[in-house]
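In: Predicted structure and sequence below. I'll ask about it afterward.
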Amino acid sequence: MKALGLMSGTSLDGIDAALLDLDRVGGDVSWSMIASTTMPYPADRRERIRSAITSAGPAEICRLHADLGEWFAEAALGLLEESGVAAAAVDVVGSHGQTIWHAPPDEQGRGATLQIGCAATLAERTGIPVVSDFRSRDVAAGGHGAPLVPFADSVLFGSPGQARALQNLGGMANVTWLGPAGDVFAFDTGPGNALMDYAAERATDGAERCDRDGRLAAAGTEDRVLLGRLLAHPFFAGEPPKSTGREVFGEHYVDALAGNLPPGEPTAWADLIATLTRLTARAIGEAYRAWVIPRGLDEVFLLGGGSRNPTLVDMIGEELDGVPVRDGSELGVDPDAREAAAFAVLAWAHVEGQDGNVPGATGAAGGRVLGSLTPGDRLGRR
């Protein structure tokens, strides 16, 4: 089965697309990556998504929902053109959509989550059946609806006899632990790139969307007092299952810390960016020491955009001293394509009628087939 996965994450940098060939052989799943790509967001599209998350009303969100469907179709069709694979040869598309709001379950009751990006538009433009809205079923079953990549990680990257961790460094950061006997454990560790990216954008007055190559953080001095205060946030002390997003660690968080720092003067922001970079690394280190390393850990692979930030990578290495920290490309997949590949696997699982969540990671009452299916148009009607 050929499955195409689409992912637009909390980093808001673009749409990742991955095309996989998947087949069940007995009790095992064989797979190969056919192609992957990223369609970066132009500044206007990125700003519309950011506005939808922070301040937009229902009219703007409704319009963005439709337009995202068009953009996802552009990314899917672009990947197919690049790879020379006809849309008619693809069995299913798995579209994560764009998270606009995520509220984990708490003492007040069940959680809620909203991903937009019109699946009907995507099916109409490509003619391919689309599985979307993956998180809602897990949330309805009492789970966080996140992280959802662990099932796919176990299919794609499990290694019998080894205990490995896959650390995603997207806008938010999450870890999947894959045990030597096939057991799986996962949770969000906290902010990934979102805080540093926004701080770098403000520091350069919009000239840069991220701390490229970690240069600003490397030039700064960490504020240990501020770091201690930031680590006192209750999210970090909470036990898994747990999830977070821009609702907690977003632009408002940086704005509150920045005070009167002048936009467009990077040197004035370097200390704050260094501290925010250490926050991501320290949160990972503390989470591993509390909940991952005690399970056994042979190696860690870094994936996502943050894996290209050498300052962050070095800090994570310091925090996990003694544990081999490796580039995710050693797994045989472009680190940027890992989550798109995961939603291709989850779409395949939906078609197969197989549970796609890991209840121990999300906190759901049990395994669930994830997503809603929008049929494609194989008759070619227009």
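Out: That came in fine, so what should we check first?
In: my guess is L156 contacts F343, does it?
Out: No - with contact defined as Cβ atoms under 8 Å, L156 does not reach F343; the gap is 11.8 Å. C-beta coordinates here come from the backbone N, C-alpha and C atoms, glycine included.
In: of these two, who's got more company?
Out: Neighbour count, other Cβ atoms under 10 Å: between L156 and F343, F343 has more, with 31 against 23.
In: where does the more buried one land on pLDDT?
Out: Reading off the confidence values, F343 has pLDDT 98.
In: same thing with L379?
Out: 43.
In: Isn't L261 up against A268?
Out: Yes - shown here, L261 and A268 form a contact pair, counting by Cβ under 8 Å, at 5.3 Å.
In: so what sits against both of those two?
Out: Common neighbours of L261 and A268, counting by Cβ atoms under 8 Å, 6 or more residues apart in numbering, are A203.
In: Does D106 have any beta-bridge partners, and if so which?
Out: As for beta bridges, D106 partners with G109 under DSSP bridges.
In: Around it, how many other residues sit close by?
Out: 9.
In: One more: G360?
Out: G360: 15 surrounding residues under other Cβ under 10 Å.
In: quick one: what helix or strand has it in it?
Out: Of the helices and strands defined by DSSP states H and E, G360 is found in helix 359-362.
In: Kindly report the same for V93.
Out: Assessed by DSSP H and E, V93 sits inside strand 92-103.
In: mind listing what's buried in the helix holding G360?
Out: P359, A361, T362 (16 or more other Cβ atoms under 10 Å).
In: need the helices for the protein, in chain order.
Out: 43-54, 58-83, 119-126, 135-140, 149-157, 194-203, 215-219, 224-231, 234-237, 251-258, 266-287, 310-319, 338-352, 359-362 (DSSP state H).
In: packing partners for the strand holding V93?
Out: Helices and strands touching strand 92-103, as assessed by 3 or more Cβ pairs under 8 Å, 6 or more residues apart in numbering; DSSP states H and E, comprise strand 2-8, helix 43-54, helix 58-83, strand 112-116, helix 119-126, strand 130-132, helix 338-352.
In: closest to G376 out of the ones you listed?
Out: Nearest to G376, of all these, is helix 119-126, at 5.1 Å by Cβ to Cβ.
In: how far off strand 92-103 does that closest one point, in degrees?
Out: Using axes from the mean of the first three to the mean of the last three Cα atoms, to 10 degrees, the direction of helix 119-126 lies 150 degrees away from that of strand 92-103.
In: Measure how far helix 119-126 is from the centre of its chain, please.
Out: From the chain centre to the centre of helix 119-126 is a distance of 23 Å (Cα atoms, centre = their mean, to the nearest Å).
In: now the angle from that helix to strand 2-8?
Out: Comparing the axes of helix 119-126 and strand 2-8 via the same axes, to 10 degrees yields an angle of 130 degrees.
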